[in-house]
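Asks: Quick one: sequence and predicted model below, then my questions.
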Amino acid sequence: MLEVLHLAVNYRGVCAVEDVSFRLEAGQLVGIIGPNGAGKSTMLKAMLGLIPASEGVIRYHQRSLKDQLARVAYIPQRSQIDWDYPIAVKNVVMMARTRHTGWFRSPSRYSQEVVKSALMRVGMWEFKDRQIGELSGGQQQRVFLAQALAQEAELFFFDEPFVGVDKKTEAVIFKVFDELKHQGKTLLVVGHELGEVSRQYDRFLLINKHIIAEGTRSQVMTAENIQKAYGDNVILLRG
Ligand SMILES: Nc1ncnc2c1ncn2[C@@H]1O[C@H](COP(=O)(O)OP(=O)(O)OP(=O)(O)O)[C@@H](O)[C@H]1O
């Protein structure tokens, strides 16, 4: 079980995340939603220790998550990745295996198999020798999904995986989410638009600095909660 207790993050004295607490069980697909600037990305990064939290404890199976980061796959927003970096698709995915093989050894046969299987699962094996900068947005996202799969992690943190992707990629991502869920993995997925609020999620956290609502789709997506999180700016609810 993953536990977040009283997480708070400040940027130069300005509060971005405030007293966030929740628990996640294994085998769940959990959506984190909220308006722009609500602190969703900040929350994920602070959970991983990529930015300092001013308060809070993150535990996974009763131990600090920071001591177990090898069990977490993190897929940042596409806008945070340098797509001009000259690297082939298969090597991006192989990077997930360096923890197993080390930087200076050739990858084991097993790691090569894991990389191949991950790329096949997301429909990107035929692009294995392409440079990442030569791919479409959706294809790039699928390569990073393959990298996460190749890590053989238990917890998966995705930051806005559906931004700028095509329908095919969206379907691939949801298929993989479903497979991972059934393997007992835990998935935390930051969404951007309310329209992404698919019925495939088991639970939602609606946040705007602090948690506004938590629970199933029908518990969270009430007019009152949406108004609390987004103010009067939301005029359309899909899904
Ligand atoms: N490095 C930083 N330095 C200072 N302030 C920051 C930094 N990163 C984010 N912030 C601020 O913290 C708040 C939360 O930002 P964050 O990116 O976590 O929100 P978000 O919910 O992920 O937003 P979006 O949906 O737009 O990606 C915002 O007010 C943002 O301007």
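Replies: Structure's in. What do you need?
Asks: Helix or strand next in line after the least confident helix or strand in the chain by mean pLDDT, which one?
Replies: Among the helical and strand segments of the chain, the one scoring lowest on mean pLDDT, DSSP states H and E is helix 98-101, with a mean of 69. Sequence order places helix 109-121 as the next helix or strand after helix 98-101, per DSSP states H and E.
Asks: Which strands and helices lie in contact with that next one?
Replies: Helix 109-121 sits against helix 89-94, helix 137-150, with contacts defined as 3 or more C-beta pairs under 8 Å, 6 or more residues apart in numbering; DSSP states H and E. All C-beta spots, glycine's among them, are computed from the backbone N, C-alpha and C.
Asks: Figure out which of these is closest to Met1.
Replies: helix 137-150 (20.8 Å; C-beta to C-beta).
Asks: now the strands: where do they sit in this protein?
Replies: 2-11, 14-24, 29-33, 55-60, 63-64, 72-75, 155-159, 186-190, 203-208, 210-215 (DSSP state E).
Asks: who touches the second one?
Replies: Think strand 14-24. Contacts to strand 14-24, defined as C-beta atoms under 8 Å, 6 or more residues apart in numbering, come from residues 1-10, 30, 39, 42-43, 46, 53, 55-56, 186, 188, 203, 205, 207, 209-211, 214.
Asks: And the strands of the chain: which comes nearest Asp232?
Replies: Using C-beta to C-beta, the nearest of the strands of the chain to Asp232 is strand 203-208, at 13.7 Å.
Asks: how much space between the spatially closest residue to Phe127 that is not a sequence neighbour and Gly123?
Replies: Closest residue in space to Phe127, ignoring its immediate chain neighbours: Val89 at 5.2 Å, by C-beta to C-beta, 6 or more residues apart in numbering. Remark: distance between Val89 and Gly123 (C-beta to C-beta, to the nearest Å) = 12 Å.
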